[in-house]
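**Student:** Sharing a model that was predicted from the sequence below.
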Amino acid sequence: MYELKTKENDSSVIEFIENIENPKKREDAYQLLDIFTEVTGYKAKMWGTSIIGYGSYHYKYESGHEGDAPLVGFSPRKAKISLYFSPGDPKREELLEEFGKHTVGKGCVYINKFADIDVEVLKELIIGSVNFLKETYPKQ
């Protein structure tokens with residue numbers, strides 16, 4: 001049986017951010033930390049070794065695969081900053097048109113730096129993702 005590697009843990013979010021080598025990326029991480037915390041109302045938690053996540057939900061697919069994941073989150077990686085929003089949120093694509101400079105992967109939105117994005121749109125993406133996942137995966 002497959003074991004998820006990205007699980008919520010008690011590692012320090014601040015310690016993780018403080019260990020980011022690039023000072024600008026570290027500053028961007030603190031700005032994202034403040035916004036995600038303010039908008040979600042959840043305490044930031046480490047998921048795996050490099051994702052800062054907020055809240056959680058339990059999913060179960062028709063295939064039987066199930067697990068837990070953060071409602072939203074981000075990871076200040078070396079190349080780009082990964083932002084985690086639900087790809088199922090119906091307003092996501094429309095909001096991304098106004099978001100600023102970014103690229104989209106399978107489950108992530110990638111930005112080079114915080115200054116490239118519209119903060120108000122970021123807040124709407126966070127709210128939309130949290131609401132969508134809470135409706136899609138209500139507490140069992």
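**Tutor:** Nice, thanks for sending it over.
**Student:** And the most centrally placed residue in the chain, what's its pLDDT?
**Tutor:** Centroid-nearest residue in the chain: residue 73, 1.8 Å away (criterion: Cα atoms, centre = their mean). Per-residue pLDDT puts residue 73 at 97.
**Student:** List the contacts of residue 95.
**Tutor:** 121, 124, 125, 128 (Cβ atoms under 8 Å, 6 or more residues apart in numbering). (C-beta placed from N, C-alpha, C; glycine too.)
**Student:** now, which of those residues lie within helices?
**Tutor:** Judged by DSSP state H, the contacts of residue 95 include 121, 124, 125, 128 as members of helices.
**Student:** just the buried members of the residues you listed?
**Tutor:** For the ones in helices among the contacts of residue 95, a burial check counting by 16 or more other Cβ atoms under 10 Å picks out 124, 125, 128.
**Student:** Quick check: the second one vs residue 11, distance?
**Tutor:** What it means is residue 125. Per Cβ to Cβ, to the nearest Å, residue 125 is found 25 Å from residue 11.
**Student:** now the contacts of residue 95 as JSON lines including distance to residue 28 and pLDDT?
**Tutor:** Below are the contacts of residue 95 laid out as JSON lines (distance: Cβ to Cβ, whole Å; pLDDT from 0 to 100):
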{"residue": "121", "distance to residue 28": "16", "pLDDT": "98"}
{"residue": "124", "distance to residue 28": "19", "pLDDT": "97"}
{"residue": "125", "distance to residue 28": "16", "pLDDT": "97"}
{"residue": "128", "distance to residue 28": "22", "pLDDT": "95"}
